[in-house]
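3D, please:
(chains A and B, ligands or ions: 3)
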Amino acid sequence: MLTIREYKRAESLKQAWQLNQQRGSRIVGGMLWMKMQRGTVQTAIDLSDLGLDTIEETKEAFRIGAMVTLRQLETHPGLAQYTGGAMKEALRCIVGVQFRNLATAGGSIFGRFGFSDVLTVFLAMDSYVELYQGGVVPMEEFARQGADRDVLTHILVKKTPLLFHYESVRNTRTDFPVLTCCGAFSPGKESCRFALGARPGRAVIIEDKEGLIDGGITPRKARAFGAYAAEHVPTGSNMRGSARYRSHLVNVLTARTALQLQETSGSFV
Amino acid sequence: MRINIILNGRNIQAETAPDELLIDFVRKQGALSVKRGCETSNCGLCTVFLEDKPVLSCSVLAVRADGKRVTTLEGLKEEAEQFGAFIADQGAEQCGFCNPGFVMNALALFRENPDPDEEEIREYLAGNLCRCSGYEGQLRGIQAYLRWKKEAAAGRDTPPDKK
Ligand SMILES: Cc1cc2nc3c(=O)[nH]c(=O)nc-3n(C[C@H](O)[C@H](O)[C@H](O)COP(=O)(O)OP(=O)(O)OC[C@H]3O[C@@H](n4cnc5c(N)ncnc54)[C@H](O)[C@@H]3O)c2cc1C
Ligand code: FES
Ligand code: FES
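Ligands and ions are numbered 1, 2, ... in the order given. Sure thing, here's the model as predicted:
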């Protein structure tokens, strides 16, 4: 049970940040993760009145408010188009629609959860977090840091021309993933960037540093890149799967994703 | 603290605590169809509409609903009974405990997508757990209901009890 002594709807970001500096204060996103924890929150800070619940799209980028729900991300036509359906694929297995109508983008990223489909898909993109104090920080750097008392206000996604593909393995449909994989492929540059999560640790990035897929992805090159990923992505064991099984999944999902990206880009070699 | 909620079209002003969950608040106001089936935001039994969107009432603070519209099964009686008849017709349920959350979320699906295919139905209702059934009866019931609605819209109306 989560006990909350005081509830405060912040009237400005500055006020939210100031309140959050006090010990015992917590920002409430969708509260789904927080609710699973025991303990007492002195002041629960609600960002609901600060207009952080919209996705702004320009020619160059998306700017996603921290209070945007996972369901909004999943059903946004612009994000669907830009990610080629990968955004929806990443989110659709998270519990249920009623859950995703509450869980927030901000809480999902700020939580830096190891199992996170959300972090995995954003890491593959050219994305950044916007913090009230800390300013704009690349997602990869933010994902590595520990939690502090800053306020995440937005997530930025630059519309860098990339193709995306998302894969996850789950023991049952709405359970936490055993492994997540999101590949981003830049057809012009023939370069790729893969995010692998639920290892079970936080998602990490793997790039093709050895030029294994140079000159276009073929099934053989995809398998080589899968093996390379399995070798370089650390995995661990928990009740959902062993490290060995996960490393096998890294191999298979990376290769499968690479091939899929090649197919999407339509330039078979 | 005092909050103001429009519950099933009725304006309600009542006291709540900073950590009271919406499920407990609406139950105190007589919406007893809303039930708790888990402690992990996983089962979907507690589904209500918050501003017409289906949400888990076990996981939202009542204060967050201040000034908003909340709809429970009690507020959707006619629609729920009509749809429920098709589920009963298939003998889909055994204990029936999952029914209120399932019906709420199915009605949310029909509003968002009036003509869902099988995959869309399964995906939308994946967050509604039923411990007795294998969901097949519910799926048939939904499909029969959707067919009936389509026929009714085309003017060939057969009431659910004549099916
Ligand atoms: C039962 C269950 C199953 C789940 N399954 C999956 C799954 O399969 N895949 C997946 O990817 N995720 C899953 N999740 C995680 C979920 O998708 C969300 O990521 C998670 O609930 C956090 O989002 P929230 O909005 O609920 O945040 P909260 O629980 O409200 O907050 C999480 C943390 O972030 C802080 N916080 C929130 N917003 C901000 C902000 N704007 N600035 C600074 N700090 C902030 C809070 O203080 C808290 O410490 C699951 C969660 C639960 C409870
Ligand atoms: S009671 Fe189970 S999800 Fe709300
Ligand atoms: S009929 Fe018993 S839980 Fe669904």
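
what helix or strand does the residue nearest the centre of chain B sit in?
By Cα atoms, centre = their mean, chain B has its centre lying nearest to B:Met104, at 1.0 Å. Assessed by DSSP states H and E, B:Met104 sits inside helix B:99-112.

which secondary structure elements does that helix contact?
helix A:97-100, strand B:47-50, strand B:53-56, helix B:77-89, helix B:118-124, helix B:136-153 (3 or more Cβ pairs under 8 Å, 6 or more residues apart in numbering or on different chains; DSSP states H and E). In short, each C-beta sits where N, CA and C put it, glycine included.

okay if I get those as JSON lines plus mean neighbour count, distance to A:Cys192 and mean pLDDT?
JSON lines is the format used below for these (neighbours: other Cβ atoms under 10 Å in any protein chain shown; distance: least, Cβ to Cβ, whole Å; pLDDT from 0 to 100):
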{"stretch": "helix A:97-100", "mean neighbour count": "27", "distance to A:Cys192": "28", "mean pLDDT": "98"}
{"stretch": "strand B:47-50", "mean neighbour count": "26", "distance to A:Cys192": "40", "mean pLDDT": "98"}
{"stretch": "strand B:53-56", "mean neighbour count": "27", "distance to A:Cys192": "37", "mean pLDDT": "98"}
{"stretch": "helix B:77-89", "mean neighbour count": "17", "distance to A:Cys192": "47", "mean pLDDT": "96"}
{"stretch": "helix B:118-124", "mean neighbour count": "15", "distance to A:Cys192": "29", "mean pLDDT": "97"}
{"stretch": "helix B:136-153", "mean neighbour count": "17", "distance to A:Cys192": "39", "mean pLDDT": "95"}
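
count of neighbours near the residue in chain B positioned nearest to chain A?
Here chain B gets closest to chain A at one residue, B:Gly127, 1.2 Å apart by Cβ to the nearest Cβ. By other Cβ atoms under 10 Å in any protein chain shown, 24 other residues sit near B:Gly127.

how about it, phi and psi?
phi -90, psi 20 (degrees, to the nearest 10).

give me the domain ranges for the chain.
Defaulting to chain A. Listed by automatic domain parsing, the domain ranges of chain A are A:2-45, A:55-158, A:163-268.

the intended chain is chain B.
Following automatic domain parsing, chain B resolves into domains at B:2-74, B:76-153.

quick one: closest of those domains to ligand 3.
domain B:76-153 (3.2 Å; Cβ to the nearest ligand atom).

for A:Lys209, the count of nearby residues, please.
Other residues within reach of A:Lys209, judged by other Cβ under 10 Å, total 8.

from A:Phe194, how far out is it?
Using Cβ to Cβ, to the nearest Å, A:Lys209 is found at 12 Å from A:Phe194.

what residue ranges in chain B score low on pLDDT?
When residues are selected by pLDDT under 70, those of chain B lie in B:156-163.

tell me who's in contact with B:Gly91.
B:Gly91 sits next to B:Gly137 when contact means Cβ atoms under 8 Å, 6 or more residues apart in numbering or on different chains.

one more: B:Lys53?
With contacts defined as Cβ under 8 Å, 6+ apart, B:Lys53 is in contact with A:71, A:101, B:108.

how about a cut-off of 7 Å?
A:Asn101 (Cβ atoms under 7 Å, 6 or more residues apart in numbering or on different chains).

what's the answer for the one 3 residues further on, then?
By Cβ under 7 Å, 6+ apart, the residues touching B:Leu56 are A:98-99, A:102, B:41, B:46-47.

quick check: bridge partners of it?
B:Thr47 (DSSP bridges).

count of residues packed around residue 7?
Going with chain A. Residues contacting A:Tyr7 under the criterion other Cβ under 10 Å number 22.

actually, chain B is the one I wanted.
Applying other Cβ under 10 Å, we find 22 residues neighbouring B:Leu7.

then A:His248?
Residues near A:His248, counting by other Cβ under 10 Å: 16.

give me the phi and psi for A:Cys181.
Phi and psi for A:Cys181, reported as degrees, to the nearest 10, are phi -150, psi 120.

so which strand or helix has the closest residue to it other than its chain neighbours?
Setting aside the residues directly before and after it, A:Cys181 is nearest to A:Leu253 in space (Cβ to Cβ, 6 or more residues apart in numbering or on different chains), at 3.9 Å. Using DSSP H and E, A:Leu253 maps to helix A:243-265.

that helix: which residues count as buried?
By 16 or more other Cβ atoms under 10 Å in any protein chain shown, the buried positions in helix A:243-265 come out as A:246-262, A:265.

around ligand 3, which positions in chain B sit nearby?
Applying Cβ under 6 Å from any ligand atom, one finds that chain B approaches ligand 3 through B:93-98, B:130-133.
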